[in-house]
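> build me a structure from this.
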Amino acid sequence: MKQILSNKYFKIAILVLGIVGLVLLGLWALGYFKSHSEGIPEGAEMPLSERDRVIKIYSFIYRAKDEIAQFALSLYDEAEGGFRIKTGDPVTLAANFYGLETLNNLSRLDIRPNQDDLLGMIRSRYIESGYYSDPNKDPVFSTSYALRFNRYYSEDLGKEIDLNWLEENSISNENLAEEKKDPEYQLMVWGIYKHLEIPKEERFEKLENLSSSYFDHYCGLDFSGEESDSDYLEKKYFQIFLISDMSGIDNVKELTSNCLEKETIDKDKERLKRIDFKKIQDIKELYWFYYLQRFYGLGFDLEEILEHAKDFYSNRGFKEKLSEKESNLTAAYYGTLFIK
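Model prediction:
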């Protein structure tokens, strides 16, 4: 009798556990399909793995990466050993940067141009005064682009940068012209310091000494009162990117105690919430908006932003502005940053 009861209770227990298991499985499946039927989760706190999944599933950029890479390579001139921003433009250091960065963003550096050809072109732009220069371009930008060569090929250019010239153009110069205090300009200066071909210990010391001057100046800036969304996005993006690059911090939560005031953060969040990204007509501005949304932890629909980025896709590449007809390397660089 006891054996029969024991078998009976055992069977009941198995049945109950089976029912519970089925219920839990059903709840899991319901949650899974609900989350997937509702589309892409909103919010900048999306885990990296989830963001990667979203990009791979929804992003035409990811699916067209080989086509975009071939577009970038089509703007490389073998005879001159460099890239052009668009067909008919001159070969420049800036174009080399955008071309190689685009291939890097697409994980296609395996098809990059010949190293020796590019190396020769970059060295040809060196000025004996101690920097690199493209015609009609500020040498700070040209030098910053030239020194990125090491990022792709791990070979020094073998040219010295005049450190006195560099310091004169940095924010540490008390007599620096106002226009050179622009965040984008100083980001270029910072980039030169980062890529100086000098011993690591010496470079780190220079960066450490310089960073305090940058933090003192750029942490206190408030661009929320800029009249146009274009001006605001540009200035705010380069300010935040510069601060983030110096600190290694990629979100406002970790930065608040060291840099931006709460009042400034609140103003920026309100300003960003008022911007309708669907009306943005420039792919650079669309990326700046996307970057700032993530940095400030604001909710956004990644799928919708990627869909708007698709509006700029044309002829295997990207246009900078929706009103333009021709694709170029600058737009390709910004377009591929969405999947980097």
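
> what's near enough to touch the residue lying closest to Ser314 once chain neighbours are set aside?
Distance criterion Cβ to Cβ, 6 or more residues apart in numbering; nearest residue to Ser314, sequence neighbours excluded, is Ser327 at 5.4 Å. For every residue, glycine as well, the C-beta is placed using N, CA and C. Ser327 sits next to Phe71, Lys86, Ser314, Asn315, Arg316, Gly317, Phe318, Lys319 when contact means Cβ atoms under 8 Å, 6 or more residues apart in numbering.

> and the pLDDT for Ser327?
Per-residue confidence (pLDDT) for Ser327: 96.

> quick one: it from Ile111, how far?
18 Å (Cβ to Cβ, to the nearest Å).

> which of the contacts of Ser327 are buried?
Applying 16 or more other Cβ atoms under 10 Å to those, the neighbour count classes Phe71, Lys86, Arg316, Gly317, Phe318, Lys319 as buried.

> any idea what the fourth one is bridged to?
Right, Gly317. Ser314 (DSSP bridges).

> right, and it touches Ile68 too?
Yes - at 6.3 Å, Gly317 counts as touching Ile68 under the criterion of Cβ atoms under 8 Å.

> list residues touching both of these two?
Listed contacts common to Gly317 and Ile68 are Ala332, Gly335; contacts here mean Cβ under 8 Å, 6+ apart.

> show me what contacts the closest residue to Ile275 other than its chain neighbours?
Spatial nearest neighbour of Ile275, excluding adjacent residues (Cβ to Cβ, 6+ apart): Asp229 at 5.2 Å. Under the criterion of Cβ under 8 Å, 6+ apart, the contact list for Asp229 reads Ile275, Ile280, Glu285.

> same deal with Asn96?
Gly82, Phe83, Leu118, Met121, Ile122, Tyr145, Ala146, Phe149.

> now the last one: how far from Leu75?
The one in question is Phe149. 18 Å.

> could you do the fifth one as well?
When distances are taken as Cβ to Cβ, Ile122 and Leu75 turn out to be 17 Å apart.

> now do the fourth one
Taking Cβ to Cβ as the criterion, Met121 is separated from Leu75 by 14 Å.

> the residue nearest to Ser314 - that's part of a helix, no?
No - the assignment for Ser327 (DSSP: H, G, I helix; E, B strand; the rest coil) gives coil, which keeps it out of a helix.

> for it, give its distance to Ser133.
Counting by Cβ to Cβ, the gap from Ser327 to Ser133 is 27 Å.

> before we move on, back to that, now the two most distant members of the buried ones among the contacts of Ser327.
Spanning the widest gap among the buried ones among the contacts of Ser327 are Lys86 and Arg316, at 12.7 Å by Cβ to Cβ.

> which residues sit in contact with Cys219?
Ile243, Asn258, Cys259, Leu260.

> ok, which stretches of the stretch 51-200 of the chain are helices?
60-63, 65-74, 93-105, 115-124, 139-147, 149-153, 163-168, 183-194, 200-218 (DSSP state H, counting those that start in this stretch).

> adding distance to Thr336 and mean pLDDT, write the ones you listed out as CSV.
CSV is the format used below for the helices of the stretch 51-200 of the chain (distance: least, Cβ to Cβ, whole Å; pLDDT from 0 to 100):
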stretch, distance to Thr336, mean pLDDT
helix 60-63, 6, 87
helix 65-74, 7, 95
helix 93-105, 4, 95
helix 115-124, 19, 91
helix 139-147, 17, 96
helix 149-153, 15, 82
helix 163-168, 30, 96
helix 183-194, 19, 96
helix 200-218, 27, 90
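
> nearest to Lys235, of those?
With Cβ to Cβ as the criterion, Lys235 lies closest to helix 183-194 of those, at 6.2 Å.

> list the contacts of the closest one.
138, 140-141, 143-144, 147-148, 161, 166, 169-171, 179-180, 203, 206-207, 210, 214, 218, 221, 234-235, 238-239, 241-242, 245-246.

> what of stretch 64-80?
Against stretch 64-80 from outside (Cβ under 8 Å, 6+ apart): 61, 82-87, 91, 95, 99, 102-103, 106-108, 111, 113-114, 117, 121, 313, 315-318, 327-329, 332, 335-336, 339.
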